[in-house]
Structure formats: C-alpha cells, structure tokens
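1. Starting from these lines, generate the structure:
(2 chains)
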Amino acid sequence: MKGWEKFSTYLFATLLAIWIIFPIVWMLLISFQTQAQIFSKVSLEKFFPPTIENYLYLFRGGAGFVNAIINSLIIAGSTSIIATFIGTMAAYVFQRAIVRPAIRNNLFFWIVTQRIMPFLAVLIPYYVLYSQIGLYDTYVGMILAYMTFTVPFTVFVMTGYLNEIPREVDEAAMIDGCDRIRTLFKVVLPISRAGVVVSGLINFALCWNELLMALILTGNTTRTVSVAAALFLPSAGRGALWGPAAAIGIFFMAPVLALSLIVRRSLIRGLTVGVVRG
Amino acid sequence: MALSGRKLGKKLNVEVIILLLPAIAVLLFTTIFPFIYSIWIALHNIILFYPIPLRFVGLDNFAASNFNPIYGFWQAAQVTAIFTGVSLAIEFTLGLGIALLLNKEFRGVWILRFMLILPLLISPVSTGLLFRLMFLPNDWAFANWFLSTLFRIGPINWLAEPNLAMLVVILTDVWQWTPFMALIFLAGLQVLPPEPFEAAVIDGATPLKMFRYITIPMLREMFAITILLRLMDSLKTFDIIYIITQGGPGVTTQTLNFNAFVQGFIFGNISIAASQILMMTVFVILLTILLINITRRAV
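-> Got it, this is the predicted structure:
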C-alpha cells in the first residue's frame, strides 16, 4: 500500500472502531458512577473510585429485577428447547425431501412470511384470546407466543446444517433397521450437534431480547427482563436514575453477548445463511 | 432394499406426520389463526378495558383508519417512510464502505471484523438505552458535552425537537444495523472470483472503474436480498423507538407499527389497530413480491 492509502485506511479503521465501541464504553462507565460522579465535570474524580452501587441497587429488589431475570430464564429457556426440538424435526423432513415438493414449498413460504409479518399482527389476536381464556400473564402463553418466530428460525438454520450431512448416513442407518425418527435422533443429530446448539442459543437470545410481545402479554407475575429494562427509564422519569439504568443496559446485554462470542463463527454463518452463496 | 416399496411408503407417512405435526400445529396457531382472528377483530368494534356490546361494523375500521386523522395512520406511514428510507440508505452506503475497507488486508483488520458483530448481538433494548443516555438533554450527556467542548454549543434538548428526535432514532438504527450489511457485503466480496479483476488490471482499468463495472454488477443480487431483509425488519422497528422517544415529541417518531401499538394497547382501540396492521401487512407482502420480481428481472 502507498503512504496516503495506508494513512487513510488506518484513519477510517480507527474511526470505525471508535464509532462501534464508544457507546458501549460510555454506558459501561456510567454504570460504575455514583449519581454525583455522573453529573460532575470531566476529571479524574468523575471515574475514580468506581462504584458497584448501581448493580447492587438492581439486585436488592429495585424494579423487581431479580424476579424478571428468573422469568426471562424460564420463558427463554423453555421456548428455546421446545422450538429447537420442533423446528429440527421439521427441518429434517424438508431437507431430506420426504414430503411432496408442493407441501415443502408452501411451508417454506410460511417461514418467509413469518419474517415479513409485524409481531402486532399476531399480538392483537393473542391478547384478545389470552385475556378470554386466562393465558394472559402466564409462562405457557408467553412460550406459545414466542413459537411464532423461534420455530421458523430453527427450520431455516437447521435446514442449512442438515444439508451438510450426507444422505448416505441416513441410508446406512435405515438399512441397519432404524426408522426415520430413530435415524434422526440417534444418528443424524449427534453428528450435527453444533447446529442444534447454535439454533438453541440463538433462539434463547431472540427470546431474551424480545420486547414488544413481552410488553403486551406479561403482567406483574411473568414480567421479563426486557420489559423491566424498558419500563425502568420512563418510570425513573426526572428522578434521573441514570446509573441503575446504565447498569440494567449492561446487565441485559451481557449474557447474550457472552454466549454469542463463544459461538461467534457459527453465529455469523447462522445470521448470513442463505444470503451469501459461497 | 429388503423393504417393499409399499410398506416403506406407508411407514414413512406415519413417521413424517409425527415429525411434522408439532411444526404444523405451530403454523396453525401462529399464522392461520391470528390472520383469521385479526380480520374478525378488524370487522367488529372491540375496545379494550371497556365492555361495549359486540357489533359487526364491516369495513368501518378500515375507513376510519384511512380517513380519520385521529387514528394517525397516514401520519405514521409518512414517518415510517422517512425512517426506513433514510436509515436504509445510510446503512447501505456505510455498510458497503466498511465492507470495502475491511476487505483489504492490513494489520489489526481481524479486530475490526470481530468488533463489527458486537452491535448485532446487543439487544435493541440495550441499544436504545445506549443512545438514550448519550442524547440526554443534560450538559454531562455525551452528545452535549462533545458539542460544547468542541464547538461551544449549549446543551441541546435532543428528544424534544421532532427532527432531532428522528435523527437520534435513525442514528441508533444505523449503529445497530450497518454492521449487518457490512458483514454480508464483506462475505460477498471475499467469495468474488479473482479472474475478472486480473483481466481488468491487464487491460489497464483503474480501481474505480473495476469497482463500478465488475464488483457492483457481481454483487447486485446480494444487494437486493440484503436490502429486502433489512426493509422487512426496519418496517417493524419498535424497541428503540419505545425506549428513546416513546413516539414523541407528539407523534413525530411514531411509525406504523408503533402507532398501531399506541392505538390498540394504550387507547384500547384494538379493532382500529387490527385494521391498520392488516393493511400494513398486506402492503409489505405486496412490496416484497414486487421487489423480488424486479430483482429477478434485473439479475
């Protein structure tokens, strides 16, 4: 690279890095500041000594946060397991083409429409139905609602993963006397363990992050972290609990960030699958 | 094989049903049922929190949404068009630029490729909080501190001014989703075959010409798919608006989706909301089909 080209490359690279990292760092800093430090001018005392008071505030029962975490774990965890199970079975049927092409194409069209459809299109009927049959503010209701996007997503990702396992594996298992179901669970799935784990994790992340459905379908007993986080700032209002608000933001993004960084490589594939043809 | 064809066929059917049944049940519950029930709700006069006698009102709700400005449908459609149009245009341009930058090999490029994925992993709720905290009206908040230190501009009340509030929401969306475009474009650039470029170099083409006449045509299909994916998600944006502006000031950052949420679940006009969402869904599906057809013809 020539001198000026090298210079501009590094200049833009640095700007890009700052642009991405800065908002996160800034919130991280606020989450470790006391109220007085947040409002003070930029100086050494603004950042030292850091305090964990804001995090303690959350866990000492501020904004019902501990309950919200438990709720989110229950809802996101069960949805992820059930959806991955259901979606993988369906993906296997599609990928191995054991149904007629017409059915296959229709079901794939469904998966695409799920992505197009605004959540409110299902939320309005769910809310009216749930409040009549008592599913409002229940775990079951939330898990059912989250199937809307997790199952199609699993089918989408797992079809890609199953594509990589040669059909000869199935055939060998079936000659040895396995039926389709046993072939899938005893032979095929153990080979594509990575795919199952990745779809499970992404499903968990999708549910953990989801706001709109939880906002409408949960009440006081099943409120999730996303709702607690979203309601915290407006309810804090001019009382200006910015420190705890930042702590919520950091705490809320941490688990998904950690999980995703562990499976980063597979994740990029999962996100871009079907768009890039290598 | 030892199994007779007929026996295999029969056995397969039972198994296929067992494997597919749960997914089909989910399909019925999450697509067919809500769609039909939405139409039913839109054709009646249901109001939440307030029992009134159920009445069939035909297309009244659709007419009211379209012609009565109280329900904010067209205002929200305008906001949606601006939000989606501007943020997608910025994300596309920046995304392509970043992809070209990171497609070069230089020291430390892997750190940037790695960092690029961070905004995608952060939930929109946290992203909303990030930008809300940066654009607070106080003088210590980053945006105001930065402007006052560099340009001596007094604290600005970002979220109280319609254009600035929209700017903050767009900026948030750009921060979160530009990396998505960049990652896909980068992946696309890296699988381009080298031969056309080698030939062009021999013919004495400039880098700019190579970009214009080789890179862009070869990536055109991928551009279309990526924009389509982002368009579908962008039209549904809710979380960041809810956290940053709550649709305000007034209704100036209320998108179609947000407006329907407010109409349905804040004001309780659930039938009106259902009619608006149905219109929006049909529009988005038509738009998607149109765009897919245009892409197919162009490529």
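2. From now on I want contacts and neighbour counts done on CA atoms only, so please keep to that.
-> OK.
3. Any stretches of chain A with poor pLDDT?
-> A:1, A:61-63, A:97-98, A:107-108, A:112, A:234-240, A:265-278 (pLDDT under 70).
4. Which neighbouring elements make contact with the lengthiest helix in it?
-> Secondary structure of chain A per DSSP state H: the longest helix is helix A:65-95. Counting contacts by 3 or more CA pairs under 8 Å, 6 or more residues apart in numbering or on different chains; DSSP states H and E, helix A:65-95 is packed against helix A:53-59, helix A:139-162, helix A:193-209, helix A:225-236, helix B:5-27.
5. Among these, which comes closest to residue B:152?
-> When those are compared by CA to CA, helix A:225-236 sits nearest residue B:152, at 28.9 Å.
6. what residues does the closest one touch?
-> For helix A:225-236, contacts defined as CA atoms under 8 Å, 6 or more residues apart in numbering or on different chains pick out A:63-65, A:68-69, A:71-72, A:208-211, A:214-215, A:241-242, A:245, A:248-249, A:252, B:125, B:242-243.
7. sorry, back to before: got the angle for the longest helix of chain A vs helix A:225-236?
-> 140 degrees (axes from the mean of the first three to the mean of the last three CA atoms, to 10 degrees).
8. Flag every buried residue along helix A:65-95.
-> A:65-69, A:71-95 (16 or more other CA atoms under 10 Å in any protein chain shown).
9. ok, now stretch A:183-200?
-> For stretch A:183-200, using 16+ other CA under 10 Å, the buried residues are A:183, A:184, A:187, A:188, A:189, A:195, A:196, A:198, A:199, A:200.
10. What is the neighbour count of the residue in the stretch 151-278 of chain A positioned nearest to chain B?
-> Closest contact between the stretch 151-278 of chain A and chain B, by CA to the nearest CA, is at residue A:249 (4.8 Å). For residue A:249, the count of nearby residues is 26 (other CA atoms under 10 Å in any protein chain shown).
11. Is it correct that it is in contact with residue B:129?
-> Yes. Counting by CA atoms under 8 Å, residue A:249 touches residue B:129, with 6.3 Å between them.
12. how much does the longest helix of chain A deviate in direction from helix A:193-209?
-> Using the same axes, to 10 degrees: helix A:65-95 against helix A:193-209 is 140 degrees.
13. would you list the buried residues of stretch A:183-200 in a markdown table and tack on distance to chain B?
-> Shown next, in a markdown table, are the buried residues of stretch A:183-200 (distance: CA to the nearest CA, whole Å):
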| residue | distance to chain B |
| --- | --- |
| A:183 | 11 |
| A:184 | 10 |
| A:187 | 16 |
| A:188 | 14 |
| A:189 | 14 |
| A:195 | 18 |
| A:196 | 16 |
| A:198 | 14 |
| A:199 | 15 |
| A:200 | 15 |
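14. Looking at those residues, spot the one nearest residue A:129.
-> Nearest to residue A:129 among the buried residues of stretch A:183-200, with distances taken as CA to CA, is residue A:200, at 28.4 Å.
15. ok, that closest one touching residue A:84?
-> Yes. The criterion here is CA under 8 Å, and residue A:200 meets it with residue A:84 at 5.7 Å.
16. tell me the domain ranges of chain A?
-> A:3-53, A:62-272 (automatic domain parsing).
17. deepest of these, which one?
-> domain A:62-272 (a mean of 19; mean count of other CA atoms under 10 Å in any protein chain shown).
18. about what we covered before: pipe the helices and strands packed on helix A:65-95 into TSV and attach distance to residue B:77 per row.
-> Formatted as TSV, the helices and strands packed on helix A:65-95 follow (distance: least, CA to CA, whole Å):
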stretch	distance to residue B:77
helix A:53-59	39
helix A:139-162	25
helix A:193-209	26
helix A:225-236	25
helix B:5-27	29
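19. These: which one's closest to residue B:199?
-> Closest among these, using CA to CA: helix A:139-162, at 34.7 Å.
20. just how off-centre is the closest one within its chain?
-> Distance of helix A:139-162 from its chain centroid, counting by CA atoms, centre = their mean, to the nearest Å, is 11 Å.
21. now swap in stretch A:59-78 and tell me
-> With CA atoms, centre = their mean, you get 16 Å for stretch A:59-78.
22. List of residues touching that stretch?
-> Against stretch A:59-78 from outside (CA under 8 Å, 6+ apart): A:58, A:139, A:142-143, A:203-205, A:207-208, A:222-225, A:228, A:232.
23. Just give me the closest of those residues to residue B:237.
-> residue A:207 (16.3 Å).
24. ok, now which ones touch that closest one?
-> A:75, A:76, A:79, A:80, A:146.
25. Repeat that for residue B:270.
-> A:124, B:41, B:46, B:47, B:48, B:263, B:264.
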